[in-house]
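[1] Structure for this input, please:
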Amino acid sequence: MITPSMTTRAAAMLAAGALTLTFAPAASAAPGAGDVVVPASPHAAHPDAGELGAHLLDQDLEWEDCTFPSVAPETEAALQEIEGLACADVTVPRDWHDPTDGETLTVRVSVTDTADPDLSQGIALVNPGGPGGSGLPWGAAMAMRSPELAEQFNFVGFDPRGVGESTQLICEYQPDASHDAWEDSAAAVDGCLENPLTPFITTEQTAYDMDFIRALLGEDQISYVGYSYGTWLGSWYQTLFPSHSHRFLLDSATDLTRKSLQETWDLQPRSRDRQFQDMLLPYMARNHDTYQLGEDPMEIRRAWENAGGTRDPLGALITAQIVIPAMYSTAGYPGAADAIATFIALDAPEADGAEELSAQLEDFIASSGGVAVDEAEASVVQAQLFEKAREEVQRLVEVEQAAVTGETVAFSGTFNAIRCQDGQWNQSQGYWNAWVADLNNKAPYIGPLMGAPLCAHWPAVTEKPKPHQRTHPDTLILQAEFDAATPYEAGERSAKIMPNTTLISVNNEGTHGIFPYGTTCVDDPVEAFFLEGTMPQNVVCGALPLPGEDQAYQVGGDIHEAQQSVKVKMRTDAVKEANRMVREMLLEQHHGQ
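    Numbers count the residues shown, from 1 in each chain. Purely as a prediction, here's the structure:
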C-alpha cells in the first residue's frame, strides 16, 4: 500500500515546487567560521571574493570543449556552435567564512566569446533556477536566445556548488514503512545533515563563488540574468557585492524582501490552483472539439475530480510530471490537456502500491492521444515527460523495497539544502498540519499532493541580508500574472519594496521565465536596460496567444494601464467556485460511503 509519506514523495518532487526553468546577521549561524569573517551586513565594507580567495587566484584553468548532459543531444549540438564556447573547473573554498582552511570544492563554468571588443560591457552570469538547476548550458543558451545582448556581453554559465558537474551533494537515509510522513521527512533531513558538505550548500556561499569567478576572469563587475530561484541568488549577490553589480534582470522573482524562501513556497500551491482553474481548464473548454470534455471549465473540473483527481495516485503522478511542467511553459498546454482528458477517460481504480501504479502509468501512456499543435515536436516533449514519470515511479518502487529490506536510498540534497538553510522555516508540526488542511480547503487541486517540507526539520545556517537603500543597484523584475512557481505577488512585492527596482508585468501569461518573450513591449525595455543602462518605468504588457489560438484571452485579474499595474487575486471568482464544488463533491462521496 502507498503510505502517506510515499504518496507525498510520489508527487511532491515537482509539487513541492522546484523554482527552475524547464528548458540574525547573515553570517551569525554559519558553520566552520574561522579567523576570516565575511562581512554580511550591507552597512559593512563590501567584501571581495578575489581578495578573500587570493591564494586560489593563480590557478591554471584548463579550458576545453563543453558537454551538457542535462540537455537534449540536438540542443547540446546547437549550443556547442556558440562562438568561443569553452568550459573549465574552478576551485573555490568550501567555506567562504574560512577560505584558507584548506578545504575546497569544484565549480564547473562555461564562457562564451561573442561580444564585439569595441562594444563589450563585460561578462553576464546566468542562472536558470532550482535551487539545484544546472546552469552550465545557460551561458551559451542566452547567447543563442538573445543575440542582441550577446553582441555586448560574454555570457557565463555555471553549475552552482552541489549541482551537476560541480561538486555534488548526495544524501542517504533509510526509509521505514512504520514512519508517518513527518518522521520520514525528519529521517531524510538527518541523512543529509550527516554529510559534511551540507552546511556549505547555501545561496550565500554560491554568491561568493560568483564573485570569485568575476575576479578569476579579471572583471570589475558582472551583469546577470537570473530566472526563478536565480532571482533570489542574484538579489543576494547584489546585496553582498553592490559595487560589483552591473545590469541585473530578475525574471520570475521569488519574494526578495524576505529573510527565507518560505513565503514564496507558501504561495506556490495556491498559484498552481489559480493557473489550473483560470487558464488551463478554460483553454481546454475553448478547444472542446479536440479534448471532447465540453465548453464549461467547471464541468471539466468536475469530471477530473470524479475520476479521482490528485487524490488518486495516478492523478497525482500525472499532475506532478505532466501538468505542472506545462505551468512552467504554456507551450506544454496541449500535452497537459491531453493528459487530463486521458486520465478522465481511463477511469482506473486507485493504485495499491507502487508496482500497481507503474502498470497504470503504462496503460495511461498507451491510451494517450499525444494531442498537440505541432505533433512532431510535441511527441518528443511528451515522450520525455512520460520517461520522467516512469523514473519517478521506479524511484517509488525502490523506496518501498528499501523500507522492507532496511537498505538506504540516495538522493540529491541540493534543492532542500539551499532552500532550507537560506533562512529559518517554521518548524512546528502543528503549523504545517494546519497549512496542509488549509490548502486542501482553499487549493484542493494541488493540496492533496502537499505535505510538510523537509525545511520543517532543517536548521538554517544563514538568512538573506536586507538590501541597503543607498547601495542597491538598478534592477529589472519581470513577472507573469499567472506564474505558478513564483507567483505574481512575490515579484510585485519585491519591486515595490526593493530600492531602484522596476517591474515589467505580463498580463494573462502563465509561463515561468519570460525573457526573451518575443514582443517589443517586454523585450525592448530589457534590451535598452542592458545595452544602454536605461531604466524604464513600470510596464504592463499583453500576453502572446496560447498554442493553437490566435488571441490571448482576458482571464483572472484586471489590467490597469493608468497605474501601470496588474490587479491580481490569489483566489479568483473561478477558483472560489471550483473550491465550493470540490467541497460539495467530497461531502457527497463521504456520505455515500
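
[2] Is residue 339 part of a helix or strand, or is it coil?
    What DSSP: H, G, I helix; E, B strand; the rest coil gives for residue 339 is helix.

[3] what about stretch 159-172, how long is it end to end?
    Using CA to CA, to the nearest Å, one end of stretch 159-172 lies 22 Å from the other.

[4] how far out from the middle of the chain is it?
    Its chain's average C-alpha position is 17 Å from that of stretch 159-172, according to CA atoms, centre = their mean, to the nearest Å.

[5] what's that stretch in contact with?
    With contact meaning CB atoms under 8 Å, 6 or more residues apart in numbering, stretch 159-172 is reached by 69-70, 92, 105-108, 127, 130-136, 158, 188, 191-192, 194-195, 197-198, 200-201, 205-206, 209, 233, 408-414, 417-418. For the C-beta atoms, the positions are set from N, CA and C on the backbone; glycine is no exception.

[6] Of these, grab the buried ones for PyMOL.
    In PyMOL syntax, the buried subset of the contacts of stretch 159-172 is picked out as below (16 or more other CB atoms under 10 Å):
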select buried, resi 70+92+105+107+108+127+130+131+132+133+134+135+136+158+188+191+192+197+198+200+201+205+206+209+233+409+411+412+413+414+417+418
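
[7] Quick check, residue 232 in contact with residue 263.
    No - if you go by CB atoms under 8 Å, residue 232 and residue 263 don't touch, sitting 11.5 Å apart.

[8] Could you point out the helix or strand that follows the longest helix anywhere in the chain?
    Identified as the longest helix of the chain according to DSSP state H is helix 375-405. With elements assigned by DSSP states H and E, the helix or strand that comes after helix 375-405 is strand 409-412.

[9] what are the pairing partners of that following strand, and which direction each?
    strand 170-173 (antiparallel) (DSSP bridges).

[10] On the C-terminal side of the strand it pairs with, identify the next helix or strand.
    Next along from strand 170-173, by DSSP H and E: helix 181-193.

[11] Show me where the stretch 51-200 of the chain has its helices.
    For the stretch 51-200 of the chain, the helices defined by DSSP state H, counting those that start in this stretch occupy 73-79, 138-145, 147-150, 181-193.

[12] low-scoring pLDDT stretches of this structure, where are they?
    For the chain, applying pLDDT under 70 flags the ranges 1-45, 370-382, 557-566, 592-593.

[13] Can you name the helix or strand that residue 236 falls in?
    Counting by DSSP H and E, the element that carries residue 236 is helix 229-240.

[14] pull the CA atoms of that helix into CSV?
    In CSV, the C-alpha atoms belonging to helix 229-240 read as follows (Å, rounded to 0.1, in the frame of the first residue of the first chain):
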residue,chain,number,x,y,z
TYR,A,229,15.3,30.8,-7.7
GLY,A,230,18.1,32.6,-9.8
THR,A,231,16.4,35.8,-8.8
TRP,A,232,17.0,35.0,-5.1
LEU,A,233,20.6,34.2,-5.9
GLY,A,234,21.1,37.4,-8.0
SER,A,235,19.5,39.6,-5.3
TRP,A,236,21.7,38.0,-2.6
TYR,A,237,24.8,38.8,-4.8
GLN,A,238,23.6,42.4,-5.3
THR,A,239,23.2,42.9,-1.6
LEU,A,240,26.7,41.5,-0.7
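
[15] Tell me which other helices or strands the following helix or strand past it touches.
    Helices and strands here follow DSSP H and E; after helix 229-240, the next one along the chain is strand 245-251. Counting contacts by 3 or more CB pairs under 8 Å, 6 or more residues apart in numbering; DSSP states H and E, strand 245-251 is packed against strand 222-227, helix 229-240, strand 475-480, helix 520-532.
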